[in-house]
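Colleague: Structure of the sequence below:
(chains A and B)
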Amino acid sequence: NAGVTQTPKFRILKIGQSMTLQCTQDMNHNYMYWYRQDPGMGLKLIYYSVGAGITDKGEVPNGYNVSRSTTEDFPLRLELAAPSQTSVYFCASSTGNDQPQHFGDGTRLSIL
Amino acid sequence: GDSVTQMEGPVTLSEEAFLTINCTYTATGYPSLFWYVQYPGEGLQLLLKATKADDKGSNKGFEATYRKETTSFHLEKGSVQVSDSAVYFCALSGGSSNTGKLIFGQGTTLQVKP
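Modeller: Down below sits the predicted model:
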């Protein structure tokens, strides 16, 4: 199994541009998450989903949007990129509450 | 709200030394506790977990015991290797939330020298 796959691995954006970070999982997990990791910090939750068609905000949702039309996919959209969104983004999935999360390898995003 | 606090790093040890990384938490309800490890350039991997008080999680020589009385989940290993060099994250889920969200500590960098 591939697990959780994130694309792209690296990206440089200009201020004001938009892009979508892709995340797909092949484990049939209902729960999916997007985190950002800033240097020297733990991971902060951006958005999460407990099933197809259901999404909710996490700790730091401003400047991002998500959708969950299928169980497998959970894309994260940046509409107007800002330097403060320079970070490493991780997607994760799990089978439910209190269960371990499986992480992708991350997308390193720089906004210049 | 729920929170996790880890000891500051970096921690630098010689090979075969004893490792302790402290982790304490604040949570309502009965959270599950986790240690994740992140190797350079990779995503996080689950190292071990404990779901209730006095549970001991263990994996690859690492251990942590869920101590409700001290709200702690300290990570230990008796003899570290160079290959253990990584960033270690303590995390909790459950507690006041039933959405599976993980609350992370800030991470502790471990460097093991030969």
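Colleague: which residue sits closest to the spatially most central residue of chain A, ignoring its sequence neighbours?
Modeller: Centroid-nearest residue in chain A: A:W34, 3.1 Å away (criterion: Cα atoms, centre = their mean). Nearest non-adjacent residue to A:W34, counting by Cβ to Cβ, 6 or more residues apart in numbering or on different chains: A:I46, 4.4 Å away. Using the backbone N, CA and C atoms, a C-beta is placed for each residue, glycine as well.
Colleague: Can you tell me what sits against the lowest-mean-pLDDT helix or strand in chain B?
Modeller: The least trusted helix or strand in chain B, going by mean pLDDT, DSSP states H and E, turns out to be strand B:103-104, with a mean of 91. For strand B:103-104, contacts defined as Cβ atoms under 8 Å, 6 or more residues apart in numbering or on different chains pick out A:42-44, B:2-4, B:27, B:36, B:89-93, B:95.
Colleague: mind redoing it with 10 Å?
Modeller: Counting by Cβ atoms under 10 Å, 6 or more residues apart in numbering or on different chains, the neighbours of strand B:103-104 from elsewhere in the structure are A:35, A:37, A:41-45, A:59, B:1-4, B:6, B:25-27, B:31, B:34, B:36, B:44, B:89-97.
Colleague: Sheet-wise, list the partners of that strand with their directions.
Modeller: In its sheet, strand B:103-104 lies beside strand B:86-93 (antiparallel), with partners assigned from DSSP bridges.
Colleague: mean confidence score for the strand it pairs with?
Modeller: Taken as a whole, strand B:86-93 carries a mean pLDDT of 94.
Colleague: Apart from its chain neighbours, what residue comes closest to B:E16?
Modeller: Once chain neighbours are set aside, the closest to B:E16 by Cβ to Cβ, 6+ apart is B:S79, at 4.7 Å.
Colleague: what about the one you found, how many neighbours?
Modeller: Neighbour count for B:S79, taken as other Cβ atoms under 10 Å in any protein chain shown: 11.
Colleague: what does B:G9 give?
Modeller: Other residues within reach of B:G9, judged by other Cβ under 10 Å, total 16.
Colleague: surely it meets B:F89?
Modeller: No. Counting by Cβ atoms under 10 Å, B:F89 is not a contact partner of B:G9; they are 11.2 Å apart.
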